[in-house]
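Colleague: this is a predicted model, with the sequence first.
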There are 2 protein chains.
Amino acid sequence: MEYQLTEPARTLKVSAVRELLKLTQTDAVISFAGGLPAEDFFPAEALKQAFERVFTTGNKALQYGLTEGYTPLREQIGHRLARRDIHVAPDEILLTTGSQQAIDLVAKVYLEPGSVILTENPTYLVALQAFRYYSVKIVPVLSDEQGMDPEDLAAKIEQYHPKLVYVIPTFANPTGWIWETSRRMNLIEECDRHNVLIVEDDPYGEIKFAPDEHYPSLMSLAQQSGKDCVVYTSTFSKTVVPALRIGWICGTRALVTAMVRAKQGADLHSSSLDQQALFQLLDQYDLDAHIGTIAAEYQRRMRLMITLLEQQNLEGAHWTEPKGGMFLWLELAQDLDAEVVLKQSLQEGVAFVPGTEFYVGPPQKNTLRLNFSHTGREKMTAGVERLGRAIHECVSSVR
Amino acid sequence: MEYQLTEPARTLKVSAVRELLKLTQTDAVISFAGGLPAEDFFPAEALKQAFERVFTTGNKALQYGLTEGYTPLREQIGHRLARRDIHVAPDEILLTTGSQQAIDLVAKVYLEPGSVILTENPTYLVALQAFRYYSVKIVPVLSDEQGMDPEDLAAKIEQYHPKLVYVIPTFANPTGWIWETSRRMNLIEECDRHNVLIVEDDPYGEIKFAPDEHYPSLMSLAQQSGKDCVVYTSTFSKTVVPALRIGWICGTRALVTAMVRAKQGADLHSSSLDQQALFQLLDQYDLDAHIGTIAAEYQRRMRLMITLLEQQNLEGAHWTEPKGGMFLWLELAQDLDAEVVLKQSLQEGVAFVPGTEFYVGPPQKNTLRLNFSHTGREKMTAGVERLGRAIHECVSSVR
């Protein structure tokens, strides 16, 4: 028969990152491409014990669970959020299959064909992909290292009447940037005034290199000023392990209830066995100490990567040293195209994601995203050397 | 702010089954409501060992996985399907979060606002809920114990030009009915001729009470006649345990590739730890023997339920003895309303799902669904007595 796929299903492509990830499942390529946490630091033994404890609680642990997710885990998440000035009851939290599903569920209950959403530019490409299935119009707002430009934000709200703004205000993907508090406040006030929902995506916020530095979440700022225009999503994929795929979204009861209903149709519920194991882990294991350990290690890796890049003498290249997260955003000399560099790099045996992937509209082609969290010292040294070699070769062929 | 939820998000209700499931998480109510497998037969020890083996394979098991799902598990599923005359390669199989997500992903790549889909009537209510988020028009086809009525099917295809037909041809939810092979063939021919995609939902097909009885899947029949108009979905929720939420969907590469892309935006991938554990389980454990065991037990429970119902002398009530699956479909006397009976029943301490929930359009109000798989002898005896009492009380107040 002749299949009649929807337009998004016919026209949207598989993301290059995911395809690269497939390539790099062999060891031939050193990959700075995926947003992968460091495997050698996974709390595997603690997690194994957590699963063992779940199995001792009896067979009911293996039965169907609630769509909302395992209640004791939602309570724990509530306690962890309270320490960061986000105050939500368990029924204002929905457990999801990674924060990716949270993004999709917001879209599902909030966006219609033709709805306009605003995003930073560049921004997380798989969020764009999720949104595009709803046939929405995505409008980028001018963004810099301090966040969205207030004037452009106001102009775009005025012009497009968006339903939703999607942002990653702390250690953004792909840039690693952090919004200034004044920009955060401005976003909340603008959106509250114009009835625009803010989706705050915060997968990296806890992985900060200066432990005492405080970057207030949009959700906490909004709650402090009595505003209900923010939904907040995060995940344990970066702080525990990705394989469990446990994320969550929180917000007002009205929004969370709508998303629970949508999730029921979407998959009934996420793995309740994994949720119970994560509850057991959080109950017995010092996750904060663990996060401190990986943040310190990621900072070391990031500094090593920067040192190695400096040694490559890449004329015209620049970057800002990240204060947290997992990514370094690299701008090459103006006349270089990161997609061309990628082809050369793959021949050298190193992968990254060209910036092009992350832009809405015309991309800045000389940019690329490097993940520094996943690769240890030895491989990182070899990988950056290969990358340097590839860039130098591209420079020679361009000039 | 004033939220602007989409119309489905505003108007679709949480299913009564899920709400009942919440109620019945206490032990006060004996529940025949949920579609729950029997906990006392879960292969808990084998599953525990399967998880232990995954943890010995190293930390990479805890990293991000492929959107398609863990490849060795897809290979195993392929082998299992081949024995039932369904022939698909691993890249024609997508692992999902339960078969519920498979239904949602088909909808996501295939349905647009206003698309028409055909269903049996009554049919699985949470599939209806998934479809309704896509603002489609659901048209019921006259159905009886042998499947969809061929004349009505032809007429509805002619009149509505549907994009998709959703069916549960073997041990249907809620009725337990089984389509005749001739009806299966007729559906495939009609749909192939008119370019209509068939979604075959088969969560119960392996739980058959006569081990040697053969009910050919639509997918196998279509493949045998060289037709590509069927996608097939099933799950390990009923045959292993629900908590893992591991289902799958298979079909031609064109359709599966589109669904993989959609799943990437929807949640990147389902729990890869659980997928690896299920692979380990299938590798070392005799799942077929286990399925034989639970099928025999469910048959005993079903016969007990029928014996107990007969003892209640419910005037005007009738049912067909199921040949597999988990549900008994009960028709009460014409003048009884199962929703009224439910209210009375909850006071007596027993729950079920009124048939109303499963109908598209005007329901047959004197019907209800009883799950016989979850409840052991003692509770079932008490539960059916309570149900009988509730029905008799309703009879007295009606007449």
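Modeller: Now that the structure is in, tell me what you want to look at.
Colleague: for the residue lying closest to A:Val360 once chain neighbours are set aside, what are phi and psi?
Modeller: Spatially, and ignoring its direct neighbours in sequence, A:Val360 is nearest to A:Pro140 (4.1 Å; Cβ to Cβ, 6 or more residues apart in numbering or on different chains). Where you see a C-beta, it was placed from the backbone N, CA and C, and this is true even at glycine. Geometry field for A:Pro140 lists phi and psi as phi -80, psi 140, criterion degrees, to the nearest 10.
Colleague: so who does A:Pro140 touch?
Modeller: A:118-121, A:123, A:359-361 (Cβ atoms under 8 Å, 6 or more residues apart in numbering or on different chains).
Colleague: can you lay out these as a markdown table showing neighbour count and pLDDT?
Modeller: Listed next are the contacts of A:Pro140 as a markdown table, based on neighbours: other Cβ atoms under 10 Å in any protein chain shown; pLDDT from 0 to 100:
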| residue | neighbour count | pLDDT |
| --- | --- | --- |
| A:Leu118 | 26 | 98 |
| A:Thr119 | 25 | 98 |
| A:Glu120 | 25 | 97 |
| A:Asn121 | 20 | 97 |
| A:Thr123 | 23 | 97 |
| A:Tyr359 | 19 | 95 |
| A:Val360 | 19 | 95 |
| A:Gly361 | 8 | 93 |
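Colleague: show me which residues of the stretch 151-300 of chain A sit near chain B.
Modeller: A:163, A:191-192, A:195-197, A:227-229, A:237, A:241-245, A:254-255, A:258, A:260-262, A:264-274, A:276 (Cβ under 8 Å from any Cβ of the partner chain).
Colleague: now the buried members of those.
Modeller: A:163, A:191-192, A:196-197, A:227-229, A:237, A:241-245, A:255, A:258, A:260-262, A:264-274, A:276 (16 or more other Cβ atoms under 10 Å in any protein chain shown).
Colleague: measure A:Tyr3 to B:Asn195 for me?
Modeller: 8 Å (Cβ to Cβ, to the nearest Å).
Colleague: before we move on, what about A:Gln63?
Modeller: 41 Å.
Colleague: and for A:Trp177?
Modeller: On the measure of Cβ to Cβ, A:Trp177 and B:Asn195 end up 49 Å apart.
Colleague: which of the buried ones among the residues of the stretch 151-300 of chain A next to chain B fall in helices?
Modeller: Residues of those located in helices (DSSP state H): A:191-192, A:255, A:258, A:260-262, A:264-267, A:272-274, A:276.
Colleague: output the longest helix belonging to chain A.
Modeller: From DSSP H, the single longest helix across chain A is helix A:287-311.
Colleague: and that helix, what does it pack onto?
Modeller: strand A:327-331, helix A:377-398 (3 or more Cβ pairs under 8 Å, 6 or more residues apart in numbering or on different chains; DSSP states H and E).
Colleague: highest average neighbour count across these?
Modeller: strand A:327-331 (a mean of 23; mean count of other Cβ atoms under 10 Å in any protein chain shown).
Colleague: buried ones in the helix or strand following that strand?
Modeller: Downstream of strand A:327-331, the next assigned helix or strand under DSSP states H and E is helix A:338-348. Residues A:338, A:340-342, A:344-346, A:348 are the ones in helix A:338-348 that count as buried (16+ other Cβ under 10 Å).
Colleague: can I get the CA coordinates of helix A:338-348 in PDB?
Modeller: The C-alpha coordinates for helix A:338-348 follow below in PDB (Å, rounded to 0.1, in the frame of the first residue of the first chain):
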ATOM      1  CA  ALA A 338      32.000  23.200  11.000                       C
ATOM      2  CA  GLU A 339      30.100  20.600   8.800                       C
ATOM      3  CA  VAL A 340      33.100  20.500   6.500                       C
ATOM      4  CA  VAL A 341      35.400  20.200   9.500                       C
ATOM      5  CA  LEU A 342      33.200  17.300  10.800                       C
ATOM      6  CA  LYS A 343      33.800  15.300   7.600                       C
ATOM      7  CA  GLN A 344      37.500  15.800   7.900                       C
ATOM      8  CA  SER A 345      37.400  15.000  11.600                       C
ATOM      9  CA  LEU A 346      35.600  11.700  11.100                       C
ATOM     10  CA  GLN A 347      38.400  10.700   8.800                       C
ATOM     11  CA  GLU A 348      40.800  11.600  11.600                       C
END
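Colleague: so which other helices or strands are in contact with whatever helix or strand comes next after it?
Modeller: Beyond helix A:338-348 on the C-terminal side, the first helix or strand identified by DSSP H and E is strand A:350-351. On a contact count with 3+ Cβ pairs under 8 Å, 6+ apart, strand A:350-351 meets strand A:30-31, helix A:377-398.
Colleague: I'd like a version of those in CSV, one that adds distance to B:Leu187 and mean pLDDT as further columns.
Modeller: Shown next, in CSV, are the helices and strands packed on strand A:350-351 (distance: least, Cβ to Cβ, whole Å; pLDDT from 0 to 100):
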stretch, distance to B:Leu187, mean pLDDT
strand A:30-31, 47, 93
helix A:377-398, 55, 95
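Colleague: my guess is A:Ile207 contacts A:Gln299. True?
Modeller: No - using Cβ atoms under 8 Å, A:Ile207 is not in contact with A:Gln299, being 9.2 Å away.
Colleague: identify the contacts common to the two.
Modeller: With Cβ under 8 Å, 6+ apart, A:Ile207 and A:Gln299 have no common neighbours.
Colleague: which of the buried residues of helix A:338-348 sits closest to B:Lys365?
Modeller: When the buried residues of helix A:338-348 are compared for distance to B:Lys365 (Cβ to Cβ), A:Leu342 wins out at 63.0 Å.
Colleague: skipping adjacent residues, who's closest to that closest one in space?
Modeller: Closest to A:Leu342 by Cβ to Cβ, 6+ apart is A:Pro354, at 5.3 Å.
Colleague: how near is the one you found to A:Val341?
Modeller: Counting by Cβ to Cβ - A:Pro354 and A:Val341 are separated by 7 Å.
Colleague: go on, A:Ala82?
Modeller: Distance, A:Ala82 to A:Val341, using Cβ to Cβ: 45 Å.
Colleague: just A:Phe279 next, same as before
Modeller: Relative to A:Val341, and taking Cβ to Cβ, A:Phe279 is found at 45 Å.
Colleague: did I read that right, A:Ile117 in a strand?
Modeller: Yes - A:Ile117: assigned to a strand according to DSSP: H, G, I helix; E, B strand; the rest coil.
Colleague: contacting residues for the nearest residue to it once chain neighbours are set aside?
Modeller: Among residues not flanking A:Ile117 along the chain, A:Leu164 sits closest, at 4.6 Å (Cβ to Cβ, 6+ apart). By Cβ under 8 Å, 6+ apart, the contact set of A:Leu164 is A:106, A:110-111, A:115, A:117-118, A:196-199.
Colleague: one more pass at 10 Å, please.
Modeller: A:106-107, A:110-111, A:115-119, A:131, A:136, A:191, A:196-199, A:231, B:4 (Cβ atoms under 10 Å, 6 or more residues apart in numbering or on different chains).
Colleague: before we move on, what about A:Gln63?
Modeller: By Cβ under 10 Å, 6+ apart, the neighbours of A:Gln63 are A:272-273, B:21, B:25, B:34, B:36-39, B:42, B:237, B:241-243, B:374.
Colleague: could you find the closest non-adjacent residue to A:Asp149?
Modeller: A:Leu142 (4.2 Å).
Colleague: next one: A:Tyr134
Modeller: In space, A:Tyr134 is closest to A:Leu111, 4.3 Å off (Cβ to Cβ, 6+ apart).
Colleague: ok, the one you found touching A:Tyr133?
Modeller: Yes - between A:Leu111 and A:Tyr133 there is a contact at 9.4 Å, judged by Cβ atoms under 10 Å.
Colleague: can I see the domain layout of chain A?
Modeller: Annotated domains of chain A cover A:7-42+A:288-398, A:45-284 [automatic domain parsing].
Colleague: ok, and which of those domains has the densest surroundings?
Modeller: Buried most deeply of these, by mean count of other Cβ under 10 Å, is domain A:45-284, with a mean of 21.
Colleague: end to end, how far does that domain reach?
Modeller: 12 Å (Cα to Cα, to the nearest Å).
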